[in-house]
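>>> sharing a model prediction with you, sequence too.
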Amino acid sequence: MKKSLIIGGAGFVGHYLGRYLRQELQQEVFVTKMPQETFEEEQIKVLDLNILNPEEIAKVIREVQPDYVFHLAAQSSVAASWKNPGLTIDVNVKGAVNVLEGLRSMERQPRILLIGSGEEYGHLKADEVPVKEETLLRPGNIYAATKSCQNMLGKIYAQAYGMQVVMVRAFNHIGPNQSPVFVVADFCRQVAEIERGKREPVIHVGNLSARRDFTDVRDVVRAYALLAEHGTAGETYNVGSGQARAIDEILHMILQESEVPIEVKVDPERLRPVDVPVIEADITKLQKLTGWKPEIALTQTIRETMDYWREQ
Ligand code: A2R
């Protein structure tokens with residue numbers, strides 16, 4: 001039975017990935033979480049790990065001896081990266097190096113997937129959209145800069161040490177259980193609270209003209225498993241839907257789900273210091289390698305995310 005280790009697995013993506021690897025691929029799955037987090041999933045083993053502590057990493061690796069490592073641990077919010085740049089750099093850059101260094105000493109090298117972000121591309125020119133993996137990175141925020149750096153380090157470790165490191169640039173992924181620091185979860189939560197009469201019928205929004213590429217998290221984790229298996233070491237693969245949508249369009253899809261009329265209000269506090277206008281993935285490289293394509297429609301993801309927030 002193949003063994004997978006998901007580092008930073010108690011977050012949004014980790015739950016879906018763990019479940020997929022265990023239930024669909026019948027792997028033995030180990031998940032690491034921060035000591036203060038909780039993670040309970042049938043037949044998945046859980047270990048505590050702070051990636052800022054190299055000794056803890058060494059201990060986990062010795063114990064698990066994984067065939068596949070999925071590195072998800074991150075300070076994953078752009079907004080939080082503006083507020084706490086130092087921590088974002090520590091976790092996303094130094095933490096990634098700690099993980100790679102820990103894995104370097106393994107006798108039987110695992111296949112390693114480093115999860116980066118479509119945000120790494122930053123300000124794209126019109127003729128660069130949809131964006132291919134070899135496009136020049138011009139990260140427009142601190143989170144994006146740290147993920148670009150992780151990507152470069154992954155490539156260096158693959159080249160210098162012959163490690164089986166594959167990099168992903170994940171575009172926006174959404175679904176039930178996502179933290180409301182992310183836009184779709186935030187809007188759905190606000191609507192659910194309005195429906196319940198817990199707040200006035202006004203939804204507070206940020207920049208509605210930004211266009212982003214949204215994929216259901218369940219489709220995303222299927223791509224991760226395929227890339228961990230088939231990705232070429234040192235290479236980067238976009239994971240996205242291949243179709244950008246304006247946040248305004250997403251907002252209206254969510255408002256259509258609402259049971260009550262809602263007024264939209266732009267809140268200056270929600271506008272970010274630098275917002276990148278369009279991010280859209282070219283997913284040809286991933287599709288050529290694996291045949292993957294997204295299967296869950298955006299309307300279904302939004303409906304299920306709305307239902308999730310109604311149940312909270
Ligand atoms: O920040 P917390 O306490 O929620 O824990 C997060 C964890 N994490 C860490 N794990 C180990 N050592 C650290 N020093 C550390 N700092 C944070 O990583 C959380 O449980 C996990 C990341 O999960 P989420 O924030 O829910 O991100 P999500 O949406 O699952 O995205 C996974 C990956 C990230 O690398 C994103 O940057 C990328 O996909 O888009």
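Nice, thanks for sending it over.
>>> for residue 278, phi and psi?
The phi and psi torsions at residue 278 (degrees, to the nearest 10) take the values phi -130, psi 130.
>>> show me what contacts the closest residue to it other than its chain neighbours?
Excluding the flanking residues, the one nearest residue 278 by CB to CB, 6 or more residues apart in numbering is residue 211, at 4.4 Å. Glycine gets a C-beta too; all of them are placed from N, C-alpha and C. Neighbouring residues of residue 211 by CB atoms under 8 Å, 6 or more residues apart in numbering: 244, 245, 246, 247, 277, 278, 279, 280.
>>> and the fourth one, how close does it get to residue 297?
By that I understand residue 247. 18 Å (CB to CB, to the nearest Å).
>>> same check on the third one?
Shown here: residue 246 relative to residue 297, a distance of 17 Å by CB to CB.
>>> over to the last one?
Plainly put, residue 280 is 18 Å away from residue 297 if you go by CB to CB.
>>> compare the two (neighbour count), which wins?
residue 280 (23 against 10; other CB atoms under 10 Å).
>>> so what's the backbone phi/psi at whichever residue of the stretch 151-300 of the chain sits closest to the ligand?
Nearest to the ligand in the stretch 151-300 of the chain, going by CB to the nearest ligand atom, is residue 170, at a distance of 4.7 Å. Here is the backbone geometry of residue 170 (degrees, to the nearest 10): phi -90, psi 130.
>>> what sits against it?
Residue 170 neighbours (CB under 8 Å, 6+ apart): 115, 116, 117, 118, 220, 239, 240.
>>> can you check residue 201 too?
194, 260, 261, 262, 263.
>>> next: residue 185.
174, 178, 179, 305, 309.
>>> how about the second one: what's its closest non-neighbour residue?
Leaving out its chain neighbours, the residue that sits closest to residue 178 by CB to CB, 6+ apart is residue 185, at 4.2 Å.
>>> what about that neighbour, which helix or strand?
helix 183-195 (DSSP states H and E).
>>> now residue 145
Per DSSP H and E: helix 142-161 holds residue 145.
>>> which helices and strands does that helix pack with?
Using 3 or more CB pairs under 8 Å, 6 or more residues apart in numbering; DSSP states H and E as the contact test, the elements touching helix 142-161 are helix 78-83, helix 85-89, helix 95-104, strand 111-117, strand 164-170.
>>> in that helix, which residues are buried?
142-151, 153-155, 157-158 (16 or more other CB atoms under 10 Å).
>>> that helix to helix 95-104, inter-axis angle?
20 degrees (axes from the mean of the first three to the mean of the last three CA atoms, to 10 degrees).
>>> work out the gap between helix 142-161 and the centre of the chain.
16 Å (CA atoms, centre = their mean, to the nearest Å).
>>> picking up where we left off before, so what pLDDT did the residue nearest to residue 178 get?
Per-residue pLDDT puts residue 185 at 97.
>>> kindly report the same for residue 279.
For residue 279, pLDDT reads 88.
>>> nearest residue to it in space, please, no chain neighbours.
Nearest one to residue 279, counting by CB to CB, 6+ apart, is residue 118 at 5.0 Å.
>>> also residue 235?
residue 166 (6.3 Å).
>>> what's the burial count for the one you found?
23.
>>> and if you look at residue 281?
With other CB under 10 Å as criterion, residue 281 counts 28.
>>> ditto for residue 265
By other CB under 10 Å, neighbour count at residue 265 equals 11.
>>> of the contacts of residue 185, list those near the ligand.
Among the contacts of residue 185, the ones lying near the ligand by CB under 6 Å from any ligand atom are residue 179.
>>> can you list the low-confidence ranges for the stretch 151-300 of the chain?
Along the stretch 151-300 of the chain, the model assigns pLDDT under 70 to residues 273-275.
>>> which residues of it lie near the ligand?
Checking the stretch 151-300 of the chain against the ligand by CB under 6 Å from any ligand atom, the hits are 170, 179.
>>> quick one: the helices in the stretch 151-300 of the chain?
183-195, 217-230, 247-257, 284-290, 298-311 (DSSP state H, counting those that start in this stretch).
>>> do you know which of those lies nearest residue 16?
helix 217-230 (4.8 Å; CB to CB).
>>> list the buried residues for that closest one?
Buried residues in helix 217-230 (16+ other CB under 10 Å): 217, 218, 219, 220, 221, 222, 223, 224, 225, 226, 227, 228.
>>> adding distance to residue 24, write those out as a markdown table.
As requested, the buried residues of helix 217-230 are arranged in a markdown table below (distance: CB to CB, whole Å):
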| residue | distance to residue 24 |
| --- | --- |
| 217 | 14 |
| 218 | 10 |
| 219 | 13 |
| 220 | 14 |
| 221 | 9 |
| 222 | 8 |
| 223 | 13 |
| 224 | 12 |
| 225 | 8 |
| 226 | 12 |
| 227 | 15 |
| 228 | 13 |
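>>> grab the nearest non-local neighbour of residue 215.
Closest to residue 215 by CB to CB, 6+ apart is residue 241, at 4.6 Å.
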